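Asks: would you be able to build a 3D model of this:
(one chain, ligands or ions: 2)
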Amino acid sequence: MRLTNYFLPVLKESPNDAEIISHQLMMRAGMISQSSSGIYSWLPLGLKVLKKIENIVREEQDAAGVNEILMPTIQPADLWKESGRYEDYGKEMLRINDRQDREMLYGPTNEEQITDIFRRSIKSYKELPQLLYHIQWKFRDELRPRFGVMRGREFLMKDAYSFDLDKQQSEISYNKFFVCYLKTFQRLELKAIPMAAETGPIGGDLSHEFIIISKTGESDIYFDSKLLEQENELFNINYSEDLSGLVNSYKTLYAVSDDKFNQDDFDKNVSNENQTKSKGIEVGHIFSFGTKYSEAMKANVLNKDGKQATVFMGSYGIGISRLVGAIIESSNDEKGIIWPKSVSPYDIGIINLKQKDDDITSISDDVYEKLMSAGFDVLYDDKDDNPGVKFSRMDLIGLPYQVIIGNKSKSDSILEVKNRKTGDISEVDIENVTSFFKNS
Ligand code: ATP
Ligand code: MG
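Replies: Residues are numbered from 1 along each chain as shown. Ligands and ions are numbered 1, 2, ... in the order given. The predicted model follows:
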């Protein structure tokens with residue numbers, strides 16, 4: 001993409017209401033534009049990152065054997081009256097009446113909708129388990145929308161649901177999602193720690209929030225620092241194997257968020273020097289809730305004995321739009337964003353330092369073409385701005401590598417390649433530019 005063709009409305013100053021660094025940088029880098037409180041438009045650079053995250057999440061759901069569907073944003077109130085949540089949800093739910101005066105709502109989540117889909121078509125235990133997900137916009141009329149896309153009112157979520165015959169089977173599904181989440185966050189180059197969360201009246205230990213450590217996070221977290229060293233080979237996961245060993249290697253180490261914290265348990269389970277208290281951002285939440293919705297909404301199947309059995313359910317969310325902010329929170333410096341390679345909007349940025357010099361511009365054009373045909377996604381700064389503007393803009397948007405083309409490229413056929421994260425600069429022969437990137 002040539003910058004002269006691109007819509008990249010960078011700002012010099014961050015807006016006054018942007019309290020945290022990710023919100024400031026997303027505004028300054030022209031990634032989003034505010035529509036109203038907690039509601040944003042996604043501009044080209046931001047949308048590209050959002051889609052990259054979405055795709056990684058999708059690939060890992062697919063790999064775990066979860067089926068993608070797409071449910072509507074607008075749901076009928078009747079379903080929520082069946083589960084009893086129409087009243088319970090309170091003011092966070094945006095309620096709408098259609099022209100026939102039927103009560104509708106903009107979905108804040110989809111347990112009711114999916115349970116309805118399930119009960120219409122699945123009638124036998126033989127068709128279980130069923131694992132389904134979708135990636136769809138949600139609306140929650142948050143009391144205090146803030147921090148940009150981190151606590152929005154309209155936000156993009158991946159939500160998945162499991163249906164099993166009994167508690168034991170539903171734990172197998174739960175473990176699949178647990179491992180799938182570890183793998184997803186690892187691919188996003190994030191250290192997300194699974195933390196035991198409130199399970200409500202059902203009890204048990206089948207609710208975990210995946211939280212990344214960040215001083216701007218809204219959750220207080222308490223955990224065993226051994227969790228930070230926990231590394232697992234997750235690339236060749238076989239989801240049909242027993243995953244409980246892997247899951248337990250996390251579960252047995254103490255880690256909880258605010259509402260589950262208890263000082264005595266902390267002291268009992270974690271040595272003093274390993275006790276870590278911090279703040280974190282919740283990027284995912286998995287939750288097994290048994291028959292809560294299936295009972296109220298009569299989602300039954302026939303079991304082996306030909307009797308009606310109420311299915312056991314779980315739900316599994318990832319905040320895709322929140323992740324854009326969360327990744328920036330954990331990867332930035334005083335100059336701007338530093339994208340992990342897996343979600344960077346472009347692989348490489350090219351800076352032509354002398355747009356008015358025909359030779360340098362023709363070299364830049366060639367390098368751009370070469371890298372693009374080698375399969376790299378490149379953002380080419382071909383604007384007629386001064387070098388200072390170009391350098392700071394490229395640093396701000398945080399692509400992993402910058403190819404800097406100037407006088408030396410003309411006289412000695414040499415380019416400078418800057419690594420955004422380390423600041424290291426390598427001199428690369430123009431001829432070798434594609435092989436340089438293939439090896440880095
Ligand atoms: P929180 O405690 O942050 O309000 P939640 O527990 O209400 O979140 P869930 O219902 O578990 O959220 O939703 C699943 C995921 O959706 C969360 O883990 C989070 O990543 C994301 N999410 C929830 N609310 C928002 C929001 N207002 N803006 C952006 N992402 C959100
Ligand atoms: Mg949650």
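Asks: only C-alpha atoms for contact and neighbour calcs from this point on.
Replies: Fine.
Asks: show me what from the stretch 251-400 of the chain comes close to ligand 1.
Replies: 282, 283, 284, 285, 317, 318, 319, 322 (CA under 6 Å from any ligand atom).
Asks: and the closest residue to the first one other than its chain neighbours, what pLDDT?
Replies: Computed as CA to CA, 6 or more residues apart in numbering, the closest residue to residue 282 that is not its neighbour in sequence is residue 211, at 4.5 Å. Looking at residue 211, its pLDDT reads 97.
Asks: which secondary structure state is assigned to residue 211?
Replies: On the three-state scheme (DSSP: H, G, I helix; E, B strand; the rest coil), residue 211 is labelled strand.
Asks: quick one: residues contacting it.
Replies: Applying CA atoms under 8 Å, 6 or more residues apart in numbering to residue 211 gives the contacts 192, 193, 194, 195, 280, 281, 282, 283, 284.
Asks: helix/strand/coil for the fourth one?
Replies: In the three-state summary, residue 195 is assigned as strand, counting by three-state DSSP.
Asks: was I right about residue 2 contacting residue 380?
Replies: Yes: between residue 2 and residue 380 there is a contact under CA atoms under 8 Å: 4.8 Å.
Asks: what sits opposite the residue nearest to residue 282 in the beta ladder?
Replies: Residue 211 forms beta bridges with residue 193, residue 282, as assigned by DSSP bridges.
Asks: the closest residue to residue 337 other than its chain neighbours: neighbour count?
Replies: Spatially, and ignoring its direct neighbours in sequence, residue 337 is nearest to residue 398 (4.5 Å; CA to CA, 6+ apart). Here the number of neighbours of residue 398 (other CA atoms under 10 Å) works out to 29.
Asks: rewinding a little: between residue 2 and residue 380, which one's more packed in?
Replies: More neighbours surround residue 380 than the other of residue 2 and residue 380, with 25 against 15 (other CA under 10 Å).
Asks: quick check: which element contains the more buried one?
Replies: Using DSSP states H and E, residue 380 falls within strand 378-381.
Asks: centre of the chain to the helix or strand just after that strand, how far?
Replies: For strand 378-381, the following helix or strand on the C-terminal side (DSSP H and E) is helix 387-397. Relative to its chain's centre, helix 387-397 lies at 27 Å (CA atoms, centre = their mean, to the nearest Å).
Asks: neighbours of the residue in the stretch 301-440 of the chain that ligand 1 sits nearest to, how many?
Replies: Residue nearest to ligand 1 within the stretch 301-440 of the chain: residue 319 (3.4 Å; CA to the nearest ligand atom). By other CA under 10 Å, 22 other residues sit near residue 319.
Asks: list the contacts of it.
Replies: Residue 319 neighbours (CA under 8 Å, 6+ apart): 155, 156, 157, 158, 283, 284.
Asks: quick one: the fifth one and residue 214 touch, right?
Replies: No: the pair residue 283 / residue 214 is not scored as a contact, 11.6 Å apart, by CA under 8 Å.
Asks: which one's more surrounded, these two?
Replies: residue 283 (23 against 15).
Asks: got the contact list for that one?
Replies: 192, 209, 210, 211, 212, 318, 319, 320, 322, 323, 326 are the contacts of residue 283 under CA under 8 Å, 6+ apart.
Asks: change it to 6 Å
Replies: By CA atoms under 6 Å, 6 or more residues apart in numbering, residue 283 lies in contact with 210, 211, 318, 319.
Asks: from the residues you listed, which is closest to residue 107?
Replies: Within the contacts of residue 283, proximity to residue 107 (CA to CA) peaks at residue 319, which comes in at 14.8 Å.
Asks: that closest one bridge partners, please.
Replies: The partner residues for residue 319, given DSSP bridges, come to residue 157.
Asks: which ones are touching residue 434?
Replies: Going by CA under 6 Å, 6+ apart, residue 434 touches residue 371.
Asks: change it to 10 Å
Replies: 367, 370, 371, 372, 373, 374, 375, 376, 428 (CA atoms under 10 Å, 6 or more residues apart in numbering).
Asks: tell me the secondary structure of the fourth one, please.
Replies: At residue 372, secondary structure determined by three-state DSSP is helix.
Asks: how near is it to residue 341?
Replies: 17 Å (CA to CA, to the nearest Å).
Asks: likewise for residue 62?
Replies: The value you get for residue 62 to residue 341, if CA to CA is used, is 22 Å.
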